[in-house]
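Visitor: Need a 3D model of the following:
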Amino acid sequence: MTSSNLLQDDQPPVPFFVLRGHHATIQCLCFHEDTLFSGDAHGFVIRWSLTTCRPLAIWRAHKDALLTVACYKNRIVTHGRDNKLLIWEILNDDQMSTRLPLSTTEARLLKPGQVDPCTRAKPFLQASLDVNALNFCQMSITPSIPRGSSASSSSSHAPGIMIAVPGLLGSEYIDVFEMPSTHRLITRIAPTSPFPSSQTAPTPVSTPGLKKGAGTVMCLDLQYPYLAAGYESGLVVLYLLNVSRVDPKAQRQDGQWGEVHRWQIHHDAVLGCQLCVQEDGVTLFSSGIDALIARYHVPASILDSSMQALGDTHTQDPQSDKITEIYDDSETQGIRVAVRDTKHAGQQSLCLRNDGLFLATAGWDGRGRVYAIPKSTESLRTVQQVAVLKWHREGAVQSVAFAEKGEETGLLALGGKDGKISLWQLF
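Guide: Coordinates of the predicted model:
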């Protein structure tokens, strides 16, 4: 796959290829090895070859719009508006259909909730879970259950995965499950009340208490033991999780969680959050309706003390909620926050490249944007815009994804309301 250097050319960047096959809005994208998975608003999933840029497999995973598609080893996790979370296993592409949804008149008229008129083979369905999809929040997965956890699945040849989704008891809560066992590890994760009065924002912003409502959870990023969440009120929270003592045989949600820190930078709903775990701490990025992109860095010293505080809670009453208030005003001096007003509202679907050098966003204005990240976490510099990706002409760009690793690390995909996927090469 050959392409020009997007960030070094003087000419406006253009995609080197456009994938056409969906007849509905591209809701989610995920690179996996030498393939790209895309999901649309009619529930279709297409697996594309990055070598030939042609579909390898097409099936209708959900009866309603997809919210998320994620990959781990030989598994595909799809999350739909039909309140279902499904885990598929890739077996043999030769048995899968490659007939595009555009290839029949019936598919052109297909509406959410209707049955696919084309008979298509599907991958092996390994597990199914009923979840809350009323708030459009995408689920987030972490690659594997931590080593030594008794929550690891012994019934499958592949390691288990942890999945964070909006809670069943309320849209402000977060639940964490182990899959494919479907065991719920932690339940009712939410901002604790009352909110701390001090903030690390450059300018003071009033923070509502939980009684006033943190609002619906809008976005999640799970990288165990850390969980980042953005809320409808503009609140961003970093949680710390501990599932090392969970006993799946007891069928209890014994996992522990604590709140490391919270920020009220955004003036409206948070649309995206992304974690970057490093040796010197955790960096968190967030974007919202208000055109702000914020970068928060929590040093390792605070995380270590938080982990120790969370580990001391195992003596609690097992019938009580496993909640730990880790927040301590005296320990937040090392937390750094940098905010950039991009002047472009509605940047969503944050995606961080695996080397931590670039952050990409999908915009309501139909453009993707790429930001360079300061190399030093000690710096209070904000992210710097280095590229505007303008190609999609119909409505918003809904999703963005970076290739995982290897030679295609610089590959970026944008999915739009027009049902097309543009491929860009950063270098």
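
Visitor: how about the helices of the stretch 151-300 of the chain, start to end?
Guide: Using DSSP state H, counting those that start in this stretch, the helices assigned to the stretch 151-300 of the chain run over residues 300-311.

Visitor: Low-confidence regions, it specifically.
Guide: Along the stretch 151-300 of the chain, segments meeting pLDDT under 70 span 151-159, 193-212, 247-254.

Visitor: Which parts of it are strands?
Guide: Residue ranges of the strands in the stretch 151-300 of the chain, as given by DSSP state E, counting those that start in this stretch, are 161-166, 174-179, 183-189, 217-223, 226-231, 236-242, 256-263, 270-278, 281-288, 292-299.

Visitor: all strands for the stretch 1-150 of the chain, in order.
Guide: 17-20, 26-32, 35-40, 44-49, 55-60, 66-72, 75-80, 84-89, 124-130, 140-142.

Visitor: hang on, the earlier thing: mind putting the strands of the stretch 151-300 of the chain in CSV, distance to residue 343 included?
Guide: Placement of C-beta: from N, CA and C, glycine included. Listed next are the strands of the stretch 151-300 of the chain as CSV, based on distance: least, C-beta to C-beta, whole Å:
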stretch, distance to residue 343
strand 161-166, 31
strand 174-179, 32
strand 183-189, 34
strand 217-223, 21
strand 226-231, 20
strand 236-242, 21
strand 256-263, 21
strand 270-278, 16
strand 281-288, 13
strand 292-299, 10
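
Visitor: quick revisit: relative to residue 370, which of the strands of the stretch 1-150 of the chain is closest?
Guide: When the strands of the stretch 1-150 of the chain are compared by C-beta to C-beta, strand 26-32 sits nearest residue 370, at 15.3 Å.

Visitor: Partner strands of that closest one, with direction?
Guide: The pairing partners recorded for strand 26-32 under DSSP bridges are strand 35-40 (antiparallel).

Visitor: Contacts made by the strand it pairs with with the rest, please.
Guide: 19, 22-31, 45-50, 56, 61, 65-66, 68-69, 71, 76, 78, 101, 401, 413, 415, 419, 421 (C-beta atoms under 8 Å, 6 or more residues apart in numbering).

Visitor: Compute the inter-axis angle for that strand and strand 75-80.
Guide: If you take axes from the mean of the first three to the mean of the last three C-alpha atoms, to 10 degrees, strand 35-40 sits at 10 degrees to strand 75-80.

Visitor: Quick check: which of the strands of the stretch 1-150 of the chain is nearest to residue 175?
Guide: Among the strands of the stretch 1-150 of the chain, strand 124-130 comes nearest to residue 175, with 10.1 Å by C-beta to C-beta.

Visitor: Next, the angle strand 84-89 makes with that closest one.
Guide: 160 degrees.

Visitor: Which other helices and strands does strand 124-130 contact?
Guide: strand 84-89, strand 174-179 (3 or more C-beta pairs under 8 Å, 6 or more residues apart in numbering; DSSP states H and E).

Visitor: Make CSV from those strands and add distance to residue 128 and mean neighbour count to it.
Guide: Listed next are these as CSV, based on distance: least, C-beta to C-beta, whole Å; neighbours: other C-beta atoms under 10 Å:
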stretch, distance to residue 128, mean neighbour count
strand 84-89, 5, 21
strand 174-179, 10, 24
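
Visitor: Kindly reformat the ones you listed as JSON lines containing distance to residue 334.
Guide: Listed next are the helices and strands packed on strand 124-130 as JSON lines, based on distance: least, C-beta to C-beta, whole Å:
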{"stretch": "strand 84-89", "distance to residue 334": "37"}
{"stretch": "strand 174-179", "distance to residue 334": "26"}
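
Visitor: Tell me which of the ones you listed sits nearest to residue 384.
Guide: Among those, the nearest to residue 384 by C-beta to C-beta is strand 174-179 (31.9 Å).

Visitor: Make sure residue 334 is actually in contact with residue 304.
Guide: No - Residue 334 lies out of contact with residue 304 (C-beta atoms under 8 Å); the separation is 11.6 Å.

Visitor: Those two: who's more crowded?
Guide: residue 334 (14 against 11; other C-beta atoms under 10 Å).

Visitor: Check the secondary structure at the more buried one for me.
Guide: Taking DSSP: H, G, I helix; E, B strand; the rest coil as the rule, one finds residue 334 in the coil state.

Visitor: Contacts only, for it.
Guide: Residues near residue 334 by C-beta under 8 Å, 6+ apart: 298-299, 301-302.

Visitor: quick revisit: buried subset of the contacts of strand 35-40?
Guide: 19, 22-31, 45-48, 50, 56, 61, 65-66, 68-69, 71, 76, 78, 101, 401, 413, 415, 419, 421 (16 or more other C-beta atoms under 10 Å).

Visitor: who wins for proximity to residue 388 among the helices and strands packed on strand 124-130?
Guide: strand 174-179 (33.4 Å).

Visitor: any residues touching that closest one, and which ones?
Guide: Strand 174-179 is contacted from outside by 77, 85, 87, 127, 129, 145, 151-153, 160-168, 183-190, 217, 220, 222, 227, 229, 239, 241, 243, 248, 255, using C-beta under 8 Å, 6+ apart.

Visitor: Could you please name the strands it pairs with and the direction of each pair?
Guide: Per DSSP bridges, strand 174-179 is paired in its sheet with strand 161-166 (antiparallel), strand 183-189 (antiparallel).

Visitor: before we move on, back to that, could the strands of the stretch 1-150 of the chain go into a markdown table alongside distance to residue 289 and mean pLDDT?
Guide: A markdown table is the format used below for those (distance: least, C-beta to C-beta, whole Å; pLDDT from 0 to 100):
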| stretch | distance to residue 289 | mean pLDDT |
| --- | --- | --- |
| strand 17-20 | 28 | 95 |
| strand 26-32 | 19 | 96 |
| strand 35-40 | 23 | 96 |
| strand 44-49 | 28 | 95 |
| strand 55-60 | 31 | 93 |
| strand 66-72 | 18 | 94 |
| strand 75-80 | 22 | 95 |
| strand 84-89 | 26 | 95 |
| strand 124-130 | 30 | 94 |
| strand 140-142 | 20 | 93 |
